[in-house]
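Enquirer: for reference, the sequence and a predicted model appear below.
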Amino acid sequence: MPSAVSDYDTLYRQFRWQIPARYNIGVDVCDRWARADPDRLAILHVRPVGRHDNITFGALRDTSNRLANVLRAHGVTRGDRVAIFMPQAPEVAAAHIAIYKLGAVVLPIAILFGPDALAYRLQNSGAKALLTNAQGLGKLEEIRSQVPDVACVLSVDGNGFADLMAKASSDFAPVDTSAEDPAMMIYTSGTTGQPKGALHAHRVLLGHLPGAELPHYPFPQKGDSYWTPADWAWAGGLLDVLLPSLHHGVPVVAHKAEKFDPEEAFALMAAAGIRNAFIPPTALRMMRAVPSPQGRYEFKLRSVASGGESLGVEALEWGKEAFGLTINEFYGQTECNLVLGSCAQLGVLRPGAIGKPVPGHTVAVIDRHGNPAKSGEIGQIAVKRPDPVMFLEYWGRPEATRDKFIGDWMITGDQGVTDDDGYISFVGRDDDVITSSGFRIGPGEIEDCLIRHPAVALAAAVGKPDPIRTEIVKAFIVLKDGYAPSDALAGEIQGFVRTRLSAHEYPREVSFIAQMPMTTTGKVIRRLLREQA
């Protein structure tokens, strides 16, 4: 987006898509920069004990070309699905680029998935090849007989792979792909049922650029570097951070973590001099427990973005204290990502709201007939087609693809509301909205209030069937260290919410749990909590 524009309305009005007919993500994010400036830093790989590797665009082109030749020698051809089952590492970026240049389809799978989840995705996608590490190989061994179609398995660990790469040529002619050709298939989070494979075209990266740039506007700037704790197998890590940054020639910080450690996150941002960060809401809530980070770490942060779930007013207020800047929120989903956003630099900020439509996207809250809802009325957040960020189809699910649309509106399954100024607020998933005594209640506001209580680390609110009120609000709470579950504490938390929100919104039941059920992307799986309730 042009950086000379200083107000949102002008930016939105003047924006025009420029999508070329022939386009390949791998060539765009790697070969283009390698030709112009091969020594330009692409990835800063931060290893344990303070070690790090600098991966240039020239080295990334060399590695991805060799890997493309290896995959081709193993029978991978245009249109084949190739799974990547690895944590954040330069090899993941090289694998993506190699597969795109082959004209094949990337299937990113989070390394945190267990054998059953891995088997489902490999079977459902018909994957022909798998790139992984020793950890992934161990999980694959448990389900190897279930995935006979995966003919090629390459482990990046060990001398065998190094020998293959050394013998392969560093010259590779990328396949000539159109912007509409399939490039990647990302599985949905599975919060409402079995995950579905959302197939995306090469144009999806260009469609993501306005939304990726808006929270850090103007982006890029000299000295920018981008990090996220989100797995690069998730749309948030891959299409919000890794690929847009490489497109712009901005270095990406790669760091493998067995699990998210909030203290380590602060230390990493300070030590690596990170300028731009995408931190999901769950991670930010965990970081709130770290005492006085601004007094112990020296940050160079210019911008922080968050998305994946509603952030909440509490996290926004904390972010100003911890980082000295406003966290810009954005919204999207696997099928059509980064279509709403905030940008404090452009004056688009309203606590409690996601923001406004990102330039280039038409987004509205609609009723069940596909008509725009009135200001203040709850409806479904929807995105109008055609849109370059929109998915092609659900893999092997034509009926599910058809049901995703009402006319030209792609429905998200998320309830929202628009105010008179055009801000859209997230209310909850269709199944998350609680109907109690005639009121329709979104869980976000309740959860935001719950985490304000000093004893609460994580919280989720769901509806529990009730013969009188239709449903009552039930809260599931993970306590902070130093607090123990008790009826007295439950009552205190109930009163805390009741006095701050309203009598119909406070949780009439409170359950303390040791661990919150979450997807690998950090979203609460409320479906499981509803079943438990």
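Expert: Perfect, thanks for sending it. No experiment lies behind these values; they were computed from the predicted model shown.

Enquirer: list the contacts of Asp421.
Expert: Applying Cβ atoms under 8 Å, 6 or more residues apart in numbering, we find Asp421 in contact with Arg350. Yep, even glycine has a C-beta here, placed from its N, CA and C like the rest.

Enquirer: mind checking pLDDT for it?
Expert: Per-residue pLDDT puts Asp421 at 96.

Enquirer: run through the neighbouring helices and strands of the helix or strand containing Glu264.
Expert: Assigned by DSSP states H and E, Glu264 falls within helix 262-271. When contacts are defined as 3 or more Cβ pairs under 8 Å, 6 or more residues apart in numbering; DSSP states H and E, helix 262-271 packs onto helix 281-287.

Enquirer: name the residues that touch the helix holding Glu264?
Expert: 46, 50, 227, 229, 253, 255, 257, 274, 277, 279, 283, 286-287, 289-290, 293, 296-301.

Enquirer: narrow these to those that are buried.
Expert: Buried residues within the contacts of helix 262-271, counting neighbours by 16 or more other Cβ atoms under 10 Å: 46, 227, 229, 253, 255, 274, 277, 279, 283, 286-287, 290, 293, 297, 299, 301.

Enquirer: buried residues in the longest helix seen in the chain?
Expert: Using DSSP state H, we find that the single longest helix of the chain is helix 57-73. Judged by neighbour count using 16+ other Cβ under 10 Å, the buried positions of helix 57-73 are 57-71.

Enquirer: equivalent analysis for stretch 176-186, please.
Expert: For stretch 176-186, by 16+ other Cβ under 10 Å, it's 177, 179, 181-186.

Enquirer: related to what we said a few turns ago, which strands and helices lie in contact with the longest helix of the chain?
Expert: In terms of contacts (3+ Cβ pairs under 8 Å, 6+ apart), helix 57-73 is packed against helix 32-36, strand 41-46, helix 90-102, strand 152-155, helix 159-167.

Enquirer: tell me the mean pLDDT for it?
Expert: Helix 57-73 comes out at a mean pLDDT of 98.

Enquirer: next SSE after that helix?
Expert: Next element after helix 57-73 (DSSP H and E): strand 81-85.

Enquirer: in the stretch 301-450 of the chain, which spans are helices?
Expert: Per DSSP state H, counting those that start in this stretch, the stretch 301-450 of the chain has helices spanning 313-323, 398-403, 443-450. These are given in chain order.

Enquirer: nearest to Tyr23, out of the ones you listed?
Expert: Each of the helices of the stretch 301-450 of the chain has some distance to Tyr23 by Cβ to Cβ; the shortest is helix 398-403, at 23.1 Å.

Enquirer: how about that closest one, which residues are buried there?
Expert: Applying 16+ other Cβ under 10 Å to helix 398-403 flags Thr401 as buried.

Enquirer: just the pLDDT for the residue nearest to Arg61 when sequence neighbours are not counted.
Expert: Once flanking residues are discounted, Arg61 sits nearest to Ala34: 3.8 Å by Cβ to Cβ, 6 or more residues apart in numbering. pLDDT for Ala34: 98.

Enquirer: what's around Ile451, how many residues?
Expert: Applying other Cβ atoms under 10 Å, we find 18 residues neighbouring Ile451.

Enquirer: hang on, isn't it packed against Arg285?
Expert: Yes. Counting by Cβ atoms under 8 Å, Arg285 is a contact partner of Ile451 at 6.1 Å.

Enquirer: what is in contact with the two at once?
Expert: 457-458.

Enquirer: mind checking how far the most far-flung residue of the chain relative to its centre is from Gln494?
Expert: Of all residues in the chain, Ile468 has its C-alpha farthest from the mean position, at 38.9 Å, by Cα atoms, centre = their mean. According to Cβ to Cβ, to the nearest Å, Ile468 and Gln494 sit 18 Å apart.

Enquirer: which strand residues bridge Glu393?
Expert: Following DSSP bridges, Glu393 is listed with bridge partners Leu199.

Enquirer: re the thing from before, which one in the buried ones among the contacts of helix 262-271 is the model shakiest on?
Expert: If you rank the buried ones among the contacts of helix 262-271 by pLDDT, Met286 sits at the bottom with 83.

Enquirer: chain neighbours aside, what residue packs nearest to that residue?
Expert: Once flanking residues are discounted, Met286 sits nearest to Pro262: 4.6 Å by Cβ to Cβ, 6+ apart.

Enquirer: any regions of the stretch 101-250 of the chain where pLDDT drops low?
Expert: Where the stretch 101-250 of the chain drops to pLDDT under 70, the residues are 189-193.

Enquirer: repeat the analysis, applying 90 as the threshold.
Expert: 110-117, 157-162, 188-195 (pLDDT under 90).

Enquirer: gap between the residue lying closest to Thr470 once chain neighbours are set aside and Arg78?
Expert: Nearest residue to Thr470 in three dimensions, chain neighbours excluded: Thr435, at 5.0 Å (Cβ to Cβ, 6+ apart). Distance of Thr435 to Arg78, computed by Cβ to Cβ: 49 Å.

Enquirer: same thing with Arg72?
Expert: 10 Å.

Enquirer: same deal with Tyr297?
Expert: 47 Å.

Enquirer: just the strands in the stretch 101-250 of the chain please.
Expert: 105-108, 129-132, 152-155, 182-187, 197-201, 226-227 (DSSP state E, counting those that start in this stretch).

Enquirer: could I get those as CSV with distance to Leu338?
Expert: Output for the strands of the stretch 101-250 of the chain, formatted as CSV (distance: least, Cβ to Cβ, whole Å):
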stretch, distance to Leu338
strand 105-108, 17
strand 129-132, 26
strand 152-155, 31
strand 182-187, 13
strand 197-201, 13
strand 226-227, 14
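
Enquirer: and those strands: which comes nearest Lys404?
Expert: Nearest of the strands of the stretch 101-250 of the chain (Cβ to Cβ): strand 197-201, 9.7 Å.

Enquirer: tell me which other helices or strands that closest one touches.
Expert: Counting by 3+ Cβ pairs under 8 Å, 6+ apart, strand 197-201 packs on helix 115-125, strand 182-187, strand 393-394.

Enquirer: quick one: contacts of the longest one?
Expert: Here helix 115-125 makes contact (Cβ under 8 Å, 6+ apart) with 81, 83, 85, 107, 109, 113, 127, 130, 136, 139-140, 142-143, 146-147, 149-150, 185, 187, 194-195, 197, 395-396.

Enquirer: list the residues that contact Arg203.
Expert: Applying Cβ under 8 Å, 6+ apart, the residues contacting Arg203 are 19, 23, 179-180, 388.

Enquirer: shaky segments in the stretch 301-450 of the chain?
Expert: 308-316, 351-352, 413-414, 426-449.

Enquirer: now the strands for it?
Expert: Along the stretch 301-450 of the chain, the segments classed as strands by DSSP E, counting those that start in this stretch run 303-307, 327-333, 336-341, 356-357, 363-366, 379-384, 393-394, 405-406, 409-418, 424-429, 434-436, 439-441.

Enquirer: most tightly surrounded among those?
Expert: strand 336-341 (a mean of 27; mean count of other Cβ atoms under 10 Å).

Enquirer: now do it against strand 327-333, angle only.
Expert: 140 degrees (axes from the mean of the first three to the mean of the last three Cα atoms, to 10 degrees).

Enquirer: tell me the helices and strands packed up against strand 336-341.
Expert: Against strand 336-341 (3+ Cβ pairs under 8 Å, 6+ apart) you get helix 204-213, strand 327-333, strand 356-357, strand 379-384.
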